[in-house]
Structures are given as structure tokens and as C-alpha cells.
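Novice: return a 3D structure for these sequence lines:
(2 chains)
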Amino acid sequence: GNSVTQMEGPVTLSEEAFLTINCTYTATGYPSLFWYVQYPGEGLQLLLKATKADDKGSNKGFEATYRKETTSFHLEKGSVQVSDSAVYFCALSGENRETGFQKLVFGTGTRLLVSP
Amino acid sequence: DTEVTQTPKHLVMGMTNKKSLKCEQHMGHRAMYWYKQKAKKPPELMFVYSYEKLSINESVPSRFSPECPNSSLLNLHLHALQPEDSALYLCASSQGGTGGSGTQYFGPGTRLLVL
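Specialist: Numbering: from 1, shown residues only, chains lettered A, B, ... in the order given. Take a look at the predicted model:
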């Protein structure tokens, strides 16, 4: 079945450091890939997505490229801020096997802590 | 607008109480979801409604009862819950249909405490 593997956290960085959070996946067919962010005490927010191979999703300085050859979707940011401290979930949406919706498969989440 | 709203934000209930969680979206989405999230874990899918019909029940205990009154609203009725049901309950919606990327948009959640 489909699965997502994320790097273990927490990831601890100083402000303005470069961020990489690794995500690899196993899936049949051509899934869509997502990064969601969850700030403390809040719900999940869609950060970025990519729907086909070689697509790059980007938002708020974060980027991730859909690499089918390495089945990866690593999240990167050039210069993190304290306000980026949150939990980041990688997820995939499989092909539509049921009428009208697609299930999301989540990774375990990676906590990012950014200090001033 | 990609907003999903949920009420209440917080809920404390006893094991004999009956309460309801509410979710609303006005994006014209035809698929809506309930998730349960425990601390430091990813969300776990509970129910999926597609075109106002229950499509998936992930073996959820009957003390959780979902309802979809119309295409914009989703309720989760709670009765005789256990302390282990304490969690963040998240609602989400997606466009639905046979195409699309399956992008789900989440609400802020209801934090439930069962005493």
C-alpha cells in the first residue's frame, strides 16, 4: 500500500539557517504530494503541493520538488525564522479508487524548532 | 477562499454527555472528512462523506456518529465517550469528483477533553 516516510525530529535550527526535511514515499501510480504545516494549538494548513513528476511546489519561501526517480519530496527553505517553528507533515493523495474523493496518507510529522 | 470553519474550538464533556461538533465550508467542495489527531501524531481518518453520502467509516466506534445535512455542513455527534477519545478533531474538505489532485483543506479543529 501507499506510505510516506519522514525524517525523525525534532529539527533544531538557529534563525536564518537552511532547512531540509526529508520525505520519501511508496505509491502505486502517480500520486499528488503535499506538505502541511501545523502550528501549536492549530489545525493543518496546506503549505505547498505538487501533482506530477518534476513539479516544484512553493509557498512562503518553502519549496519542494516532486522527484519520481528517487520517490522523494523534500522540503527546503533558505532562511528559517522563529515563526516557522511548527510540525510539518508530508502526505500523498493516491489515485482515485473510490467515487468522489482521495484518501491522504501522512508521514509521522517532523517538529521544527527555530531559536533566535 | 479556502476556509473550513469548526465549532466549538474547545469542548469538555463527561462520559454521559451528548455533544456535537460542527464543520462548515463554502468552497463548493463535495467531499468532507473527519479526522482524529492525538498529540505528536498525524491525523487519523475517521469518516468520509462524498456527495453527502457516507463513503468511508474507518471502523470508528458507534459512540461517534457523523451526519452531513447538506453539501456545506458536516456534524459529528458524540455520546458516551471515553477518556481515551480526548483529542483534536479535525474537519477537512476537498473538491471531490473523479479528477483533481485530492487537495484537502483543514479546519482549525475542536480540542475535546473527556472527563
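
Novice: buried residues, stretch B:42-52. List them.
Specialist: B:42-43, B:45-50 (16 or more other Cβ atoms under 10 Å in any protein chain shown). All C-beta spots, glycine's among them, are computed from the backbone N, C-alpha and C.

Novice: need the strands for chain B, in chain order.
Specialist: B:4-7, B:10-13, B:18-25, B:31-37, B:44-50, B:53-57, B:64-70, B:73-79, B:87-94, B:104-106, B:110-114 (DSSP state E).

Novice: between the ones you listed, which gets the lowest average pLDDT?
Specialist: Least confident of these, judged by mean pLDDT, is strand B:53-57 with a mean of 88.

Novice: returning to that earlier point: any chance of the strands of chain B in TSV, with distance to chain A too?
Specialist: TSV is the format used below for the strands of chain B (distance: least, Cβ to the nearest Cβ, whole Å):
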stretch	distance to chain A
strand B:4-7	8
strand B:10-13	10
strand B:18-25	11
strand B:31-37	4
strand B:44-50	3
strand B:53-57	6
strand B:64-70	12
strand B:73-79	13
strand B:87-94	6
strand B:104-106	4
strand B:110-114	8
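
Novice: which one of those strands lies nearest to A:Val80?
Specialist: strand B:104-106 (22.9 Å; Cβ to Cβ).

Novice: same for the helix or strand bottoming out on mean pLDDT in chain A, what does it pack against?
Specialist: Lowest on mean pLDDT, DSSP states H and E among the helices and strands of chain A sits strand A:104-106, with a mean of 94. Contacts defined by 3 or more Cβ pairs under 8 Å, 6 or more residues apart in numbering or on different chains; DSSP states H and E place strand A:104-106 against strand A:3-6, strand A:86-93.

Novice: what about residue 114, how many residues nearby?
Specialist: In the absence of a named chain, this looks at chain A. When neighbours are counted by other Cβ atoms under 10 Å in any protein chain shown, A:Val114 registers 19.

Novice: right idea, wrong chain: chain B
Specialist: 19.

Novice: residues in contact with it?
Specialist: B:13-15, B:81-86 (Cβ atoms under 8 Å, 6 or more residues apart in numbering or on different chains).

Novice: quick revisit: got a list of contacts for the least confident helix or strand of chain A?
Specialist: A:2-4, A:27, A:34, A:36, A:89-94, B:42-43, B:45, B:102, B:104.

Novice: now the strands for chain A?
Specialist: For chain A, the strands defined by DSSP E cover A:3-6, A:11-14, A:19-21, A:23-26, A:32-38, A:44-50, A:56-59, A:62-65, A:75-77, A:86-93, A:104-106, A:110-115.
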